[in-house]
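1. Here is a sequence with its predicted model. Questions after.
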Amino acid sequence: MSAGGWSTKIHAAVDALGNPLRIMLTVGQRGDATQALGLVEGYRAGAVLADRGYDSDAFLGYVRDSGAEAVIPSKKNRLQQRQIDKNLYRDRNKVERFFSKLKAFRRVATRYEKTAGSFAGFVFLAAAMILLH
């Protein structure tokens, strides 16, 4: 690995209680929206809450077609900004709290593992421990 480093981005979907449902890992430079569909596919939800990194026409269409409400702020470069339910959007902190718990595991926070497979395994193990706690 070079000094510029390789980074790994952890994408997660959590339920209304903040319990992990699905976790995906990508290279750090990949955009969030590329993983959005994979995170929620197969789940039924009344609302899908995400940060603006997941704002894409394709994902918004999928959420709408599934019958869920998309509570995703518009990217700043969108010509037409969407209004969202700000009270409902506050619940997005549940995924942030999950990430905080996940990064309490030092091996996850520092990406101690050398290979992507080992790192993914430890992320999944840490998520299972969080779920069981």
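-> Received the coordinates, thanks.
2. which ones are touching R97?
-> R97 makes contact with G18 under the criterion C-beta atoms under 8 Å, 6 or more residues apart in numbering. Where C-beta positions appear, they are placed from N, C-alpha and C, glycine not excepted.
3. Name the SS class of it, please.
-> State at R97, reduced to three classes by DSSP: H, G, I helix; E, B strand; the rest coil: helix.
4. where does this structure dip in pLDDT?
-> Applying pLDDT under 70 to the chain flags residues 1-6.
5. Do a quick rundown of the strands in it.
-> 8-14, 20-27, 47-49, 69-71 (DSSP state E).
6. and L79, how far is that from A33?
-> As judged by C-beta to C-beta, to the nearest Å, L79 and A33 stand 17 Å apart.
7. Looking at those two, which one has more neighbours?
-> For L79 versus A33, neighbours defined as other C-beta atoms under 10 Å are more numerous around A33 (19 against 5).
8. Go ahead and confirm that one touches S56.
-> Yes - in this structure A33 lies within contact range of S56 using C-beta atoms under 8 Å: 4.1 Å.
9. which residues touch the longest helix seen in the chain?
-> Counting residues, the longest helix found in the chain (DSSP state H) is helix 116-132. Contact with helix 116-132 is made by 8, 10, 12, 19-20, 23, 25, 98, 101-102, 105, 107-108, 111-113, as judged by C-beta under 8 Å, 6+ apart.
10. 6 Å instead?
-> Residues from elsewhere that reach helix 116-132, judged by C-beta atoms under 6 Å, 6 or more residues apart in numbering: N19, P20, I23, L25, K101, L102, F105, R107, V108, E113.
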